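Q: only the shape, not the letters, is given here:
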């Protein structure tokens, strides 16, 4: 009997195997059991599938014996072979990296395995490790192909480039899209408010955003709630101290005095004597003044930084919500009224109005107040001689403080930065309101969907820039009549209304199609008004009472006002099609037709397409066990850039003159006018994506070529003076990007992650429409735009060493020709290369000395976890560029000033002492001051970007608590750069910009 029963069951199984049955269930998270909406439920080996609804539920018809695969963003996939189950409930575990991760793209999402474009993501937890006012600073080193030049001043926005510089006249910053709204910067966002970050690096991904996307797109989604989730409260705080690192070493009093005496300059020697008389002689060395001021030590300070925020999220069956508030405060390391504070409030609500209608919206309010630094203080600090004190008690009637004045010891300028720092009050306020509201309509369940969204952004700017009076001597003062106030008020508003229809369907087992079509209307409006004036000494102005700092208290005759505004609008049609054949062949295409009021050519048409081949799914790859996934992808796209300013029309100016003793009014017509249309960029990207060794190793490799045509630059006028802007150039950016990550487990308690990225960038001007070159920079430090070279390449003279003795001078025909022409050349002067061999040093001997654009840059992270402890170390570096030391070169204009310690120590002091540095006397001679390699420094550097050690306390019936210690930018190694920070901006000119400090902080996070 028992044998018969077994045979009957076996027969029944064979008969029913392959029959269709309906399977349903709920997908939840393994950690807290909450339902997961949007989980992909696919029949393995086919394109048949469903996705879970808002309650995590699904229903799918399958054949017995088929395998269901469950996958979702950030979770490990699970699979189940269906026998005779009707209900299959799944709990997914979190996974940091997954091919099934859903990536936010233009007007929608895609699975990572379906991407054909170069799209990178940054995890929100990565952004939180960097204590900074601007989250863009945390992008540095995280993504291949993305460069970030950081700024140290509180509230300053870092400069970001994606795959190089495309334009000479326009903005090269990427477009930021935050919840559907367009921004040129994201200074109002806090990392705790961010749910996801996607960077669309190539044109095939970015083209769907049209004329604002020529420099790449950064898509940011803010946090939302979850349906059927209990309230979760997270409180996070950190407090840190900022400290200037790698402080530039200047010559001390002894080094400066020695350098000045060796120079042979009568004025320099006289100034030393005056300083000895005014301040006395040093007890250590009576030949130098009794003053040894380290000016950087005086102007720099340790400064606090703090951040506090609270986030609340949750949801019921029909409503989900997320609320948050944030306070950030940062003092500047420049010892003046220099700070940045920001308050943020946000709310996001989603509601299931019916089974077919979902509505929602989010609102973010940000109020930031910045007290800007006095930018000229950094150069004054570099120039200030060490034999000058900060205060001079000989000024008994000074007000408010007796600031020392270098003119009292014979120098032409006051040199002391403190009068400007102490008497500047540069207050700016920025208020933002960012909103987005949407309605999502399901027309055909899981097939056809319509979404309409309206975004609104308001930015109000209110600036009050005050230069207060002070008095030291009759020559060194800012009187009430000279003190000033400037008031600037501006309002910018942007409306964006998007309507998108999306159709998804599977056709049999082989075909998977998604089609999207939409329209977008954009309206941007701005107005600004400002006024300035000098305070009236007979008015109500009081120095220490900011209630009197208004235009009404200025002298009426000194007042100047301006009024302006703009209105930009555009309308676009766009579409996208995604097709997958047999789950391994991918095709992708977008098209956008966009019209704006910016140029005469109203509409532009921007196509893009991509192809992908999932090679690892081919039968010939089945026996390659170490390779889990391999995809070849390629994309091409066309972009237009509307960041170039509008054309300037011909203008007429009123003039008056006298003819035959008769006064005549007339008009003078300008000869300068512009004729500008769109700059276009076409980009080709070829990439490879791979996962290997049980998905522990992930690899992304991309090669791109990015050509910008119709580049706008200034060309000389045939008649008259000045220049007009024309579309007359072209530039190419090309490079290779590599990103890799390895995840491993040593034991049950130990795990680690190692990731890194490396990028190359070759920037080359390919056409100037017959123009020989475009001169940029300054007359003393010439930069050029010329065919075959990178943008803004430095153009000057090469050095072959230093003349060591008179015999070398006598043997050099170039030196003899210069001497015959009246130039004094002595040992300790530079020997320049005679490139054209004519025996004369002139402009024809100049050559290209290096580019400000790095040719490679890299970054990475090393993370280690042990039980509840975690340690993460991030690094960043770049190289292949040069930096102009403009401060060292300022001796061309200003001789009475300090020098850096490197020059003071290594100066030429006699035959054989150096072949790289001039003598003290030679440094101040015109022969040695022309732009050369001496003033250019290697831009290579390597920096430990961030070190964070954390501990998480997890106990039942007790909130989860995390404590972290962070050192941000603690170590920097440079090849030859002599300054604070080699990130001096993309023009490569080190003008002593505000140094980016290191930050040492303690953070606490509590999750209820």
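A: Arrived safely, thanks for sending. The shown structure was predicted, so the numbers you read here are calculated from the model rather than taken from an experiment. Numbering: from 1, shown residues only.

Q: the stretch 51-200 of the chain: strands as residue ranges?
A: Along the stretch 51-200 of the chain, counting by DSSP state E, counting those that start in this stretch, strands occupy 57-63, 67-72, 75-81, 90-92, 102-105, 108-111, 119-122, 146-149, 159-162, 175-178, 181-183, 194-200.

Q: show me the contact partners of the fourth one.
A: Residues from elsewhere that reach strand 90-92 (CB atoms under 8 Å, 6 or more residues apart in numbering): 25-30, 33, 36, 39, 70, 72, 75-78, 80. C-beta here means a position set from N, CA and C on the backbone, and glycine is covered the same way.

Q: where is pLDDT lowest across the residues you listed?
A: For the contacts of strand 90-92, the weakest pLDDT value sits at residue 75, with 71.

Q: so which of the strands of the stretch 51-200 of the chain is nearest residue 840?
A: Nearest of these to residue 840, taken as CB to CB: strand 146-149 at 40.0 Å.

Q: pLDDT on that closest one, on average?
A: 90.

Q: and stretch 236-244, by the same measure?
A: 95.

Q: go on, stretch 42-54?
A: 77.

Q: and the end-to-end length of it?
A: 18 Å (CA to CA, to the nearest Å).

Q: now do that stretch: distance to the chain's middle.
A: Stretch 42-54 has its C-alpha centroid displaced from the chain centroid by 39 Å (CA atoms, centre = their mean, to the nearest Å).

Q: need the residues that contact that stretch.
A: 26-27, 35-41, 58-60, 62, 66-69, 71, 79, 227, 352, 358, 446, 506, 508-512, 580, 582-583.

Q: check stretch 984-991 too.
A: Outside stretch 984-991, the residues touching it (CB under 8 Å, 6+ apart) are 147, 149, 159, 161, 165, 172, 378-379, 777, 781, 783, 792, 794, 851-853, 881-887, 937, 939, 979, 993.

Q: keep only those of those residues that are in helices.
A: Of these, the ones assigned to helices by DSSP state H are 378-379, 886-887.

Q: just flag the most distant two among these.
A: Among the ones in helices among the contacts of stretch 984-991, 378 and 886 lie farthest apart (CB to CB), at 11.3 Å.

Q: now do the shared contacts for those two.
A: In contact with both residue 378 and residue 886: 991-992, using CB under 8 Å, 6+ apart.

Q: helix or strand with the lowest mean pLDDT in the chain?
A: In the chain, the helix or strand scored least confidently by mean pLDDT, DSSP states H and E is helix 2-16, which has a mean of 44.

Q: now the element after that helix, going C-ward?
A: strand 20-29 (DSSP states H and E).

Q: and that next one, what does it pack onto?
A: Packing partners of strand 20-29 (3 or more CB pairs under 8 Å, 6 or more residues apart in numbering; DSSP states H and E): strand 57-63, strand 67-72, strand 90-92.

Q: tell me the angle that strand makes with strand 57-63.
A: If you take axes from the mean of the first three to the mean of the last three CA atoms, to 10 degrees, strand 20-29 sits at 140 degrees to strand 57-63.

Q: buried residues, strand 20-29. List them.
A: Buried residues in strand 20-29, counted by 16 or more other CB atoms under 10 Å: 21, 23, 25-29.

Q: of the ones in helices among the contacts of stretch 984-991, just say which sits nearest to residue 343.
A: Using CB to CB, the ones in helices among the contacts of stretch 984-991 come closest to residue 343 at residue 378, 29.5 Å.

Q: and for the spatially closest residue to that closest one that is not a sequence neighbour, the neighbour number?
A: Once flanking residues are discounted, residue 378 sits nearest to residue 992: 3.8 Å by CB to CB, 6 or more residues apart in numbering. Residue 992 has 22 neighbouring residues, counting by other CB atoms under 10 Å.

Q: for residue 992, which residues are in contact?
A: Per CB under 8 Å, 6+ apart, neighbours of residue 992: 378-379, 381-382, 886-887, 979-980.

Q: ok, 7 Å please
A: 378-379, 382, 887 (CB atoms under 7 Å, 6 or more residues apart in numbering).

Q: give me phi/psi at it?
A: Main-chain torsions, residue 992, degrees, to the nearest 10: phi 60, psi 50.

Q: could you report the pLDDT at residue 723?
A: Note on residue 723: pLDDT of 67.

Q: surely residue 581 touches residue 511?
A: Yes: contact criterion CB atoms under 7 Å: residue 581 and residue 511 qualify, at 6.2 Å.

Q: quickly note the distance from the one residue sitting closest to the centre of the chain to residue 707.
A: Centroid check for the chain by CA atoms, centre = their mean gives residue 160 as the closest residue, at 2.7 Å. Look at residue 160 and residue 707: by CB to CB, to the nearest Å, they are 21 Å apart.

Q: next: residue 737.
A: Distance of residue 737 to residue 707, computed by CB to CB: 17 Å.

Q: the closest residue to residue 749 other than its chain neighbours: neighbour count?
A: Once flanking residues are discounted, residue 749 sits nearest to residue 867: 5.1 Å by CB to CB, 6+ apart. By other CB under 10 Å, the residues close to residue 867 number 11.

Q: ok, now which ones touch the closest residue to residue 189 other than its chain neighbours?
A: Counting by CB to CB, 6+ apart, residue 135 is the residue found nearest to residue 189 once chain neighbours are left out, at 5.6 Å. Listed by CB under 7 Å, 6+ apart, the contact partners of residue 135 are 127, 186, 189, 191.

Q: ranking by neighbours, what's the top pick from the residues you listed?
A: That'd be residue 189 among the contacts of residue 135, by other CB under 10 Å, with 26 neighbours.

Q: got the confidence number for it?
A: Residue 189 carries a pLDDT value of 90.

Q: nearest to residue 86, of the contacts of strand 90-92?
A: Set against residue 86, the nearest of the contacts of strand 90-92 by CB to CB is residue 25 (9.0 Å).

Q: hang on, the closest one packs against residue 89?
A: Yes: here residue 25 lies in contact with residue 89, judged by CB under 7 Å, at a distance of 4.5 Å.
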